[in-house]
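1. pasting the structure only:
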Ligand SMILES: Nc1ncnc2c1ncn2[C@@H]1O[C@H](COP(=O)(O)OP(=O)(O)O)[C@@H](O)[C@H]1O
Ligand SMILES: Nc1ccn([C@H]2C[C@H](O)[C@@H](COP(=O)(O)OP(=O)(O)O)O2)c(=O)n1
């Protein structure tokens, strides 16, 4: 996951390959709650690992469920068998609507029948998301619920015991959020032992596919709800949650929408294959596929996979009632930018009460890119965009805003003036798809020249590696420690007893280096060479082999291969002058020889390697001289490099300066 303040996406050009989706959020949290209320143990496979499921798991633990994950990643949930084990508990539910609503209903009924007190709260946004219709329905039954902040919104205090009236149908509004009905359906079996319980929906029920998932999962846990249309549901007398044993969670169909869109926009060669959802999925959002097809996508599907290619290009504008795909429909608003006519998405009032007001959020952010957007209380219209502006996209702590705006990075497919897109707070995707951006980068390609590079060149022990690592971490970029390639090449040659002055023999070794980088360690063939690489003696040998033009040529492609999405920070001697001459920022880092010798001395001592400061200084001056005076790519600043002498700076000061210089080169500076 990219735990950074912003992630810059350079222009992306094509897509293809295979994506395995994380588990569905809706199914995961319903399964967890049902498993938690059941008797016995449920073995949950392919559970989504995300913020929202973490919230539900923490709550189940508080309630006394036993949770164990085995080495295969299967979660074993032993439920409470509908018996409260705690009497007075506070639950913090973050911004997880799929936890707040059903837990409110279940706990309100449990304290009504068994006594106790629960307080449910969340982040500030959760306290702005209405829950009044559910609270009213539960109060109508006799539950005691207090809204401790504003009436109709969390936080809530649930107390009991209290007498329940279950003879009359429970009435709940269905036109704001189907999650209220889902919450009641999931919870009312708790009190349907002696008599059937009837739920009546007031108003037109929205988001029916989510209710369908609820009913299907209830059936798996032994509750066969009788349904009369979408207005009346009866939970039969004698209902009891029974663990089905093993449950497999489907891939998340809403998450699939970004990759379906990706295929429709950019899979011009191989298709984009999406594993985890298909025509047999329970989730209504698989019908996003039909909307994408209407916009031009070519889709093949099996029971649990989809393959998507570009069909029509540009895409076609559509006019669609999105009631059946409320979450996935946000993706259509971004696809609309690539269409040949405006796209109108209707019946999306529920967008206004999600993680953020999604209609307002989409309109504001699309406009930043230059798009013309109109909006109404329950609709949005997006016009095709050809004159794009680089933009810094605010994500409102809303995972779907972050994910669907990543698709705007393909603007170079409809304009010659491709722009980069900045996604602010990219880690909000943790709500449902923590590795979304990593997964995206595996199946998309950019032109190498579009992938930004920062180079840091300079003499030994000037702090290049340190600065490169911290800056790359801050930007989410890949790091190239080019010195380590020269070091590895020298080590490999030395191990084979090759004369380091024999340029061609060393170059042949360099061209066939079998290096791998795993969990912070470096491997040469089967050997872990991490520690050997850092020895001063290895540095000296590296400097020696690095003087051969043939060796430099042999290692060139290996270094170019590090230019990967979303960007690169490369440190060495000739990164800015020879390997990445088009880098957007070049830094030449220096410090006095005395300072550098002192730093290296400290570094070695801290690693338990004995060293003499005077001989270190002598070695580094010799090495500087060789690196500067060699004929092939000698160490010197590029003409357009920025000079940084950090002799008197802390690491933090150097990093801040570099990041400020970087910000000056970016097109977003004014918007941040
Ligand atoms: N600006 C700085 N101020 C103080 N110490 C630094 C600074 N930059 C780096 N160092 C320290 O100097 C040592 C050498 O840095 P390193 O990044 O390995 O240099 P290089 O990659 O240029 O050889 C490290 O122990 C590092 O913590
Ligand atoms: N891009 C590069 C990187 C390193 N080299 C050579 C010259 C250096 O003395 C050695 C070792 O480099 P490295 O960056 O690991 O050395 P320091 O960490 O700065 O001591 O490799 C090079 O010629 N070109």
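-> Nice, thanks for sending it over. Predicted model, so just to flag it, every value in this text is computed and none were measured. Ligands and ions are numbered 1, 2, ... in the order given.

2. Excluding chain neighbours, give the residue nearest to residue 106 in space.
-> Leaving aside its chain neighbours, residue 106 sits nearest to residue 187 (4.1 Å; criterion: C-beta to C-beta, 6 or more residues apart in numbering). C-beta: built from backbone N, CA, C; applies to glycine.

3. any idea how far the host helix or strand of that neighbour is from the chain center?
-> Under the criterion of DSSP states H and E, residue 187 resides in helix 179-187. Helix 179-187 has its average C-alpha position 29 Å from the chain's average C-alpha position, going by C-alpha atoms, centre = their mean, to the nearest Å.

4. Mind giving me the packing neighbours of the helix or strand containing residue 258?
-> Taking DSSP H and E as the criterion, the element that holds residue 258 is helix 253-266. In this structure, helix 253-266 packs against strand 14-15, strand 272-275, helix 288-294, strand 298-302, strand 305-309, helix 329-335, helix 399-405, helix 436-443, with contacts taken as 3 or more C-beta pairs under 8 Å, 6 or more residues apart in numbering; DSSP states H and E.

5. for the longest one, which positions count as buried?
-> Along helix 436-443, the positions that meet the burial threshold by neighbour count (16 or more other C-beta atoms under 10 Å) are 436-437, 439-441, 443.

6. okay, those in JSON lines with distance to ligand 1 and pLDDT next?
-> Below are these laid out as JSON lines (distance: C-beta to the nearest ligand atom, whole Å; pLDDT from 0 to 100):
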{"residue": "436", "distance to ligand 1": "32", "pLDDT": "97"}
{"residue": "437", "distance to ligand 1": "27", "pLDDT": "98"}
{"residue": "439", "distance to ligand 1": "32", "pLDDT": "97"}
{"residue": "440", "distance to ligand 1": "31", "pLDDT": "98"}
{"residue": "441", "distance to ligand 1": "26", "pLDDT": "98"}
{"residue": "443", "distance to ligand 1": "33", "pLDDT": "98"}
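
7. for these, which one is nearest ligand 2?
-> In terms of C-beta to the nearest ligand atom, no member of the buried residues of helix 436-443 lies closer to ligand 2 than residue 441, at 25.1 Å.

8. For that closest one, give me its contacts.
-> Taking C-beta atoms under 8 Å, 6 or more residues apart in numbering, we find residue 441 in contact with 564-566.

9. go with 7 Å
-> Listed by C-beta atoms under 7 Å, 6 or more residues apart in numbering, the contact partners of residue 441 are 565-566.

10. Pull up the gap between it and residue 302, please.
-> Relative to residue 302, residue 441 is positioned 26 Å away (C-beta to C-beta, to the nearest Å).

11. what are the ranges of the strands in the stretch 1-150 of the chain?
-> 6-9, 14-15, 17-20, 41-45, 66-69, 75-78, 88-92, 116-121, 144-147 (DSSP state E, counting those that start in this stretch).

12. ok and the residue in the stretch 251-400 of the chain nearest ligand 1?
-> residue 392 (29.3 Å).

13. Tell me the strands beside the helix or strand bottoming out on mean pLDDT in the chain, with direction?
-> Of all helical and strand segments in the chain, the minimum by mean pLDDT, DSSP states H and E falls on strand 515-518, at a mean of 86. Strand 515-518 has its sheet partners listed here by DSSP bridges as strand 521-524 (antiparallel).

14. Name the residues of the partner strand that come out as buried.
-> Counting neighbours by 16+ other C-beta under 10 Å, strand 521-524 gives 522, 524 as buried.

15. contacts for that strand?
-> Contacts for strand 521-524 (C-beta under 7 Å, 6+ apart): 484, 488, 491-492, 514-516, 528-530, 533.

16. Same question for stretch 583-601.
-> Contacts of stretch 583-601 (C-beta under 7 Å, 6+ apart): 452-464, 467, 576, 611, 613, 616-617, 620-621, 637-638, 640-647, 658, 661-662, 665.

17. What are the boundaries of the helices in the stretch 1-150 of the chain?
-> For the stretch 1-150 of the chain, helices defined by DSSP state H, counting those that start in this stretch occupy the ranges 25-37, 51-63, 97-114, 132-141.

18. which strands and helices sit next to the second one?
-> Under the contact criterion of 3 or more C-beta pairs under 7 Å, 6 or more residues apart in numbering; DSSP states H and E, helix 51-63 touches helix 25-37, strand 66-69, strand 88-92, helix 97-114.

19. how about those, which one is nearest ligand 2?
-> strand 66-69 (40.8 Å).

20. Parallel or antiparallel, list what pairs with the closest one.
-> Applying DSSP bridges, one finds strand 66-69 paired with strand 75-78 (antiparallel).

21. So for the partner strand, mean pLDDT?
-> Strand 75-78 shows a mean pLDDT of 98.

22. Next, report how far that strand is displaced from the centre of its chain.
-> Distance, centroid of strand 75-78 to centroid of chain: 26 Å (C-alpha atoms, centre = their mean).

23. where's residue 125 relative to ligand 1, distance?
-> Using C-beta to the nearest ligand atom, to the nearest Å, we find residue 125 at a distance of 40 Å from ligand 1.

24. Tell me who's in contact with that residue.
-> Counting by C-beta under 7 Å, 6+ apart, the residues that residue 125 touches are 95, 355, 397.

25. who wins for most neighbours among those?
-> residue 95 (24 neighbours; other C-beta atoms under 10 Å).

26. before we move on, back to that, put the buried members of the contacts of strand 521-524 into a ChimeraX selection.
-> To isolate the buried ones among these in ChimeraX, judged by 16+ other C-beta under 10 Å, type:
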select :484,488,491,492,529,533
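
27. which one of the contacts of strand 521-524 is nearest ligand 1?
-> residue 484 (9.8 Å).

28. Quick check: chain neighbours aside, which residue is closest to residue 228?
-> The shortest distance from residue 228 to any non-neighbouring residue, by C-beta to C-beta, 6+ apart, is to residue 234 (7.9 Å).

29. Give the burial count for the residue nearest to residue 106, as a bare number.
-> Going by other C-beta under 10 Å, the residues that sit close to residue 187 add up to 24.
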